[in-house]
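1. from the sequence below, what's the structure:
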Amino acid sequence: MKLPALHKSPTPVRPEITHTVADNGLDVYLVRDSRAPLAEVRLMIPCSGTNRLHAGQAELLVHDLRERLARRERLTGQPTAWDVSWTGEWLRISGHLPSTDLRRGLVPLADLLTPADATDTDLATWAVPVAKRARSRLLDHSEIVSRALRQRSFLPDGLPETLPDPEAVGLITAAEYHDFHDLVMRSAGAFLVVVGDVALSHVLEHLPRSFQTHALAMRLTATPAPQGGLHTLPTFPTGTQGEATLQLCAPAGPADSRSTAHDLLNVLFGAYSGARLVTHAQRLPRAPSLYSTLNATAGQRQFIVTARLHPDYITTGIRFINSEMDRMLTQALSVEESTAAKNFCLGQITSVLDSPADLASKISLDLSLGREPDWCFDFPEALRKVTPLDLGAASEELFAHQGWTAAVCGELKEDPVGNEWTRLRR
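-> Reported below is the predicted structural model:
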């Protein structure tokens, strides 16, 4: 099959991104998009901490804000156009509004930013589902492994904690929660992204006045300090009998890095259906699931390889992943292989840029990583310029790295691997 020439891939139109700082210190980014009478709003507030009490308070905050939205829904009889979530590092408030009545559309946001009025009874009620979710996560293979990798791949100081203590969350008092709410819900370090058919002056005019001004931003950074080796972790009954989760992690530079070669290498190795790891894994027994990702934690990128496979084949899986990394280091990529991966990346980014909702989320994500707001518009051209030499250098940086840390969790009768990973990648 003949692949389409790379130069024929669509080039996204670069819109004007306007940036200003509101009176309360909030950074505001506007992307004018007149294709539809809509406005996509993303408010990102830094909210990271290093202890599990902080994580519990953050989850209670999300529950509180969602309760406010549900209460407004009941009062107005209209479905909410807003949602609230917590990434472990950022509180994310998103809205989908008609641009023809931005003032009315932003009223729920003003309600979300007002001071907390929760009582001890409210917190006790909210703590039940928060604790239940935390206990469930504590029994999940993927959660156990990813937490272990975070702990072993970074210095302990400054590493965000994302999992609440299910026993402690029910002990948080209303006074403690109110203090936490007031500390988080401030403009310092926060930013607002609006994509839609609205003018910047209109956005500034109708911004909620309840958002408090400057305070110390709750944003953490961490320093990579990989311990290396493979760690076998305790596991518990999870309903995933006959399955183990293996993750391997190496530091991949600052989160604001413009290393497009790393992004392409990740896709080539294991991030789409035509990737080497995915296609070559089909010859392994018991049809394991293998893929790679580039994640960001506390200002640093991590290159992570994940395998879900039968416990009896963990050693086989480790050897297979190791051999595929060696192939990336020693066997040159074909033009067809590289072109297919580039076309996949271009198709993905083009679909994001073509949707106001996806674009608002993408710009918000890039800003949260310390990138420029127009990073996604520069990416296609940077991707086209990646050469085989660039990919070779990226392979050396990632696959030849001596700081690989690995963790495995599952229904293991015994340690099935010992120092296998240490022996292969040292």
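
2. give the buried residues for stretch 83-101.
-> Using 16 or more other Cβ atoms under 10 Å as the test for burial, stretch 83-101 gives 84, 86, 88-97, 99. For glycine as for every other residue, the C-beta is placed from the backbone atoms N, C-alpha and C.

3. need the contact list for the closest residue to Leu159 other than its chain neighbours.
-> Leaving aside its chain neighbours, Leu159 sits nearest to Ala222 (4.8 Å; criterion: Cβ to Cβ, 6 or more residues apart in numbering). By Cβ atoms under 8 Å, 6 or more residues apart in numbering, the contact list for Ala222 reads 154-155, 157-160, 297-300.

4. adding secondary structure, write the buried residues of stretch 83-101 out as TSV.
-> Putting the buried residues of stretch 83-101 into TSV (DSSP: H, G, I helix; E, B strand; the rest coil) gives the following:
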residue	secondary structure
Val84	strand
Trp86	strand
Gly88	coil
Glu89	coil
Trp90	strand
Leu91	strand
Arg92	strand
Ile93	strand
Ser94	strand
Gly95	strand
His96	strand
Leu97	strand
Ser99	helix
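
5. pull the most distant pair out of those.
-> Gly88 and Ser99 (31.6 Å; Cβ to Cβ).

6. now the top helix by length along the chain: buried residues?
-> Scanning the chain for the longest helix, with DSSP state H as the assignment, gives helix 52-76. Using 16+ other Cβ under 10 Å as the test for burial, helix 52-76 gives 52-66, 68-69, 72.

7. what residues does that helix touch?
-> Looking at what lies outside helix 52-76 - Cβ under 8 Å, 6+ apart - the contacts are 47-49, 79-80, 82-86, 88, 91, 93, 108, 111-112, 116, 118, 122-123, 126-127, 129-130, 133-134, 161-165, 168-169, 172, 176-177, 180-181, 184.

8. helix/strand/coil for Cys249?
-> From three-state DSSP, the assignment for Cys249 is strand.

9. is it true that it touches Arg301?
-> No: the criterion here is Cβ atoms under 8 Å, and Cys249 misses it with Arg301 at 10.6 Å.

10. and the two? Which one has more around it.
-> Between Cys249 and Arg301, Cys249 has the larger neighbour count (other Cβ atoms under 10 Å), namely 26 against 23.

11. please enumerate the strands of the stretch 101-250 of the chain.
-> Using DSSP state E, counting those that start in this stretch, the strands assigned to the stretch 101-250 of the chain run over residues 191-196, 229-232, 244-254.

12. give me the helices and strands touching the longest one, please.
-> Okay, so that is strand 244-254. Judged by 3 or more Cβ pairs under 8 Å, 6 or more residues apart in numbering; DSSP states H and E, strand 244-254 is in contact with helix 141-153, strand 300-309, helix 314-330, helix 388-399, strand 405-410.

13. let's see that with 10 Å instead.
-> Packing partners of strand 244-254 (3 or more Cβ pairs under 10 Å, 6 or more residues apart in numbering; DSSP states H and E): helix 141-153, strand 229-232, helix 260-266, strand 289-297, strand 300-309, helix 314-330, helix 388-399, strand 405-410.

14. other SSEs contacting the shortest one?
-> In this case it means strand 229-232. Using 3+ Cβ pairs under 10 Å, 6+ apart, strand 229-232 sits against helix 141-153, strand 244-254, helix 314-330, strand 405-410, helix 420-424.

15. these: which one's closest to Thr20?
-> strand 244-254 (26.5 Å).

16. and the closest one, what's its mean pLDDT?
-> Mean pLDDT, computed over strand 244-254, is 88.

17. and the angle for it with helix 314-330?
-> Interaxial angle, strand 244-254 versus helix 314-330 (axes from the mean of the first three to the mean of the last three Cα atoms, to 10 degrees): 30 degrees.

18. just the CA coordinates of strand 244-254, formatted as CSV?
-> Provided in CSV are the C-alpha atoms of strand 244-254 (Å, rounded to 0.1, in the frame of the first residue of the first chain):
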residue,chain,number,x,y,z
ALA,A,244,-0.2,-8.8,35.9
THR,A,245,0.7,-5.2,35.1
LEU,A,246,4.3,-4.3,34.3
GLN,A,247,5.5,-0.7,33.8
LEU,A,248,8.9,0.6,32.9
CYS,A,249,9.8,4.2,33.2
ALA,A,250,12.7,6.5,32.2
PRO,A,251,13.0,10.3,32.6
ALA,A,252,12.4,12.2,29.3
GLY,A,253,13.3,15.8,30.1
PRO,A,254,11.3,18.8,31.2
